[in-house]
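A.B. asks: Quick one: sequence plus predicted model below, questions after.
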Amino acid sequence: MEILPAIDLKNGKAVRLYQGDFDQETIVNEFPVEQARLFAQAGLSYLHVVDLDGALEKKAVNAKLIAQVKEVSQMKVEVGGGIRTMEQIEAYLAAGIDRVILGSMAAKEPLFAKEAIAKFGAERVIIGIDAKNGQVAIEGWKEVIALDFIELAKQLASYGAKTFIYTDVAKDGTLSGPNIEHYQQLIAALPDCDIIASGGIHTKEDLLELAELGATGAIVGKAYYSGALNLDVLAKVNEGVTC
């Protein structure tokens, strides 16, 4: 299972939010490029980056900084937050970003996601689904729509999506453990897709349980920044070392 350390960008800094609340922000590193370098030096190979400013402003606010993170770290990078147009996707990919995450747009306009996947490929355009009480949350988690997360995932899979990041917003930033039941449901519903877990991860045991379920990746943010999981543990799990 791939471990993807997270860097959430706001005002040029790496931050963490509690349950997606922009009013509960903690700066974890004022220098995101240096944070990415630390992850790379630890042997981790894939970085999960969220442009929080972009999610709010509905445009790629931190594109230049993200390109710098990619260039300096030499890690593979996936990016989400504020991606609303084909031009933004194309610009990120042209800048060397390995894959882009469609979240709100995929939920509100599934046919846009279908077109993007057809144009750029399912390995480069992936889907982020966030949910509150099983209902899809969009626009930086500020709005919930009457759509079940499994139903949205099935629809997008039928449109060619192959990789999904799922976050239970109620778990995000809480260190209370991932929503195992939801991951079981997703993996069962989408047996031919890759499922990346995000939200609530706290311990090595959480990561191993997700791997045993069949998750292909896990995004680790607060657990690392709070000291609950260190880089050595993340690197070992990433390499498949369970002891």
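C.D. replies: Happy to help now that I have it.

A.B. asks: what about Ala146, how many neighbours?
C.D. replies: 6 (other C-beta atoms under 10 Å). All C-beta atoms are positioned from the backbone trio N, CA, C, and that covers glycine.

A.B. asks: Can you name the residues that contact it?
C.D. replies: Gln135 (C-beta atoms under 8 Å, 6 or more residues apart in numbering).

A.B. asks: distance of it from Ala137?
C.D. replies: 12 Å (C-beta to C-beta, to the nearest Å).

A.B. asks: Give the rounded mean pLDDT of the host helix or strand of Ile150.
C.D. replies: Secondary structure from DSSP states H and E places Ile150 in helix 149-158. In this model, helix 149-158 carries a mean pLDDT of 98.

A.B. asks: who's in contact with that helix?
C.D. replies: 106-107, 110, 113-114, 127, 129, 131, 134-136, 164, 166, 182, 185-186, 189-190, 192-193.

A.B. asks: I'd like to know which of these are buried.
C.D. replies: Buried subset of the contacts of helix 149-158 (neighbour count, 16 or more other C-beta atoms under 10 Å): 106-107, 110, 113-114, 127, 129, 131, 136, 164, 166, 182, 185-186, 190, 193.

A.B. asks: Of those, which pair is most distant in space?
C.D. replies: Based on C-beta to C-beta, the longest span within the buried ones among the contacts of helix 149-158 runs between Lys114 and His182 and measures 23.9 Å.

A.B. asks: What are the contacting residues of the helix or strand in which Leu208 is found?
C.D. replies: Element membership for Leu208 (DSSP H and E) is helix 204-213. Residues from elsewhere that reach helix 204-213 (C-beta under 8 Å, 6+ apart): 1, 3, 177-178, 180, 183-184, 187, 197, 200-201, 218, 220, 229, 233, 237, 242.

A.B. asks: What about the residues you listed, which are in helices?
C.D. replies: Residues of the contacts of helix 204-213 located in helices (DSSP state H): Ile180, Tyr183, Gln184, Ile187, Val233, Val237.

A.B. asks: For the fifth one, which residues are in contact?
C.D. replies: Contacts were defined as C-beta under 8 Å, 6+ apart; by that measure Val233 touches Lys204.

A.B. asks: Next, the buried residues of stretch 203-211.
C.D. replies: For stretch 203-211, by 16+ other C-beta under 10 Å, it's Lys204, Asp206, Leu207, Glu209, Leu210, Ala211.

A.B. asks: measure the last one to Asp53 for me?
C.D. replies: Taking C-beta to C-beta as the criterion, Ala211 is separated from Asp53 by 33 Å.

A.B. asks: Tyr183 now?
C.D. replies: 29 Å.

A.B. asks: what's the worst-scoring helix or strand of the chain on mean pLDDT in contact with?
C.D. replies: The weakest-scoring helix or strand in the chain, judged by mean pLDDT, DSSP states H and E, is strand 21-29 (a mean of 81). Strand 21-29 is contacted by residues 7, 10, 13-18, 35, 52, 56, 140, 173, 225 when judged by C-beta under 8 Å, 6+ apart.

A.B. asks: Any of those residues buried? List them.
C.D. replies: Counted by 16+ other C-beta under 10 Å, these give 7, 10, 13-17, 35, 52, 56, 140, 173, 225 as buried.

A.B. asks: Now tabulate those in CSV and tack on pLDDT and secondary structure.
C.D. replies: Converted to CSV, those look like this (pLDDT from 0 to 100; DSSP: H, G, I helix; E, B strand; the rest coil):
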residue, pLDDT, secondary structure
Ile7, 97, strand
Lys10, 94, strand
Lys13, 95, strand
Ala14, 94, strand
Val15, 94, strand
Arg16, 88, strand
Leu17, 79, strand
Gln35, 97, helix
Leu52, 91, helix
Leu56, 83, helix
Gly140, 69, coil
Gly173, 72, coil
Tyr225, 95, helix
